[in-house]
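Trainee: quick check, what structure comes out for this input:
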Amino acid sequence: QVQLVESGGGLVQAGGSLRLSCAASGRTLSNYAMGWFRQAPGKEREFAARINRSGTTYYADSVKGRFTISRDNAKNTVYLQMNSLKPEDTAIYYCAADAAYKRSYDAEDYDYWGQGTQVTVSS
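Mentor: Okay, the predicted model is just below:
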């Protein structure tokens, strides 16, 4: 069992930056691929970024070039650096752990989830 706790959300103006953190406990994070998803009001949860065990990263087109996912296995923590934020980035952001080795952008394939952190970008 893995417990995930996100932090770092908040209110920021358009063009600003935030760094989200996802701290894990219970098991070593290096055993999992990690993802960040987001859910805006009235919309389905969508994939934002993924980092494999090897450190290979993948991004949704909507965030590519602006967001960076990284992991610090020694700290058992995953990060999402978000730059050049836009009002359409407003959502609850969730981190998730995937025990499988097959790459997936589908939320249903992830095994453990945090409670989410709110990001609000004002125009």
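
Trainee: helices of the protein, residue ranges please.
Mentor: Counting by DSSP state H, the chain forms no helices at all.

Trainee: from Ala14, how far off is the residue nearest the centre of it?
Mentor: With distances taken as Cα atoms, centre = their mean, the chain has Trp36 as the residue nearest its mean C-alpha position (2.2 Å). As judged by Cβ to Cβ, to the nearest Å, Trp36 and Ala14 stand 20 Å apart. Where you see a C-beta, it was placed from the backbone N, CA and C, and this is true even at glycine.

Trainee: buried set for stretch 94-107?
Mentor: Of the residues in stretch 94-107, 94-98, 104-105, 107 count as buried by neighbour count, 16 or more other Cβ atoms under 10 Å.

Trainee: strands - which of these land there?
Mentor: Counting by DSSP state E, the buried residues of stretch 94-107 place 94-98 in strands.

Trainee: quick one: which of those is nearest Ala23?
Mentor: Cys95 (9.1 Å; Cβ to Cβ).

Trainee: just checking, that closest one touches Tyr110?
Mentor: No. Assessed by Cβ atoms under 8 Å, Cys95 is found out of contact with Tyr110, at 9.3 Å.

Trainee: what do these two both touch?
Mentor: Here Cys95 and Tyr110 have 35, 37 as joint contacts, going by Cβ atoms under 8 Å, 6 or more residues apart in numbering.

Trainee: for beta bridges, what are the partners of Asp98?
Mentor: Beta-bridge partners for Asp98, by DSSP bridges, are Ala33.

Trainee: pLDDT wise, what is it at?
Mentor: What the model reports as pLDDT for Asp98 is 95.

Trainee: show me what contacts it?
Mentor: If you count contacts by Cβ under 8 Å, 6+ apart, Asp98 has them with 32-35, 50, 104, 109-111.

Trainee: if we use 7 Å, what do you get?
Mentor: Neighbour list for Asp98: 32-33, 35, 104, 109-111 [criterion: Cβ atoms under 7 Å, 6 or more residues apart in numbering].
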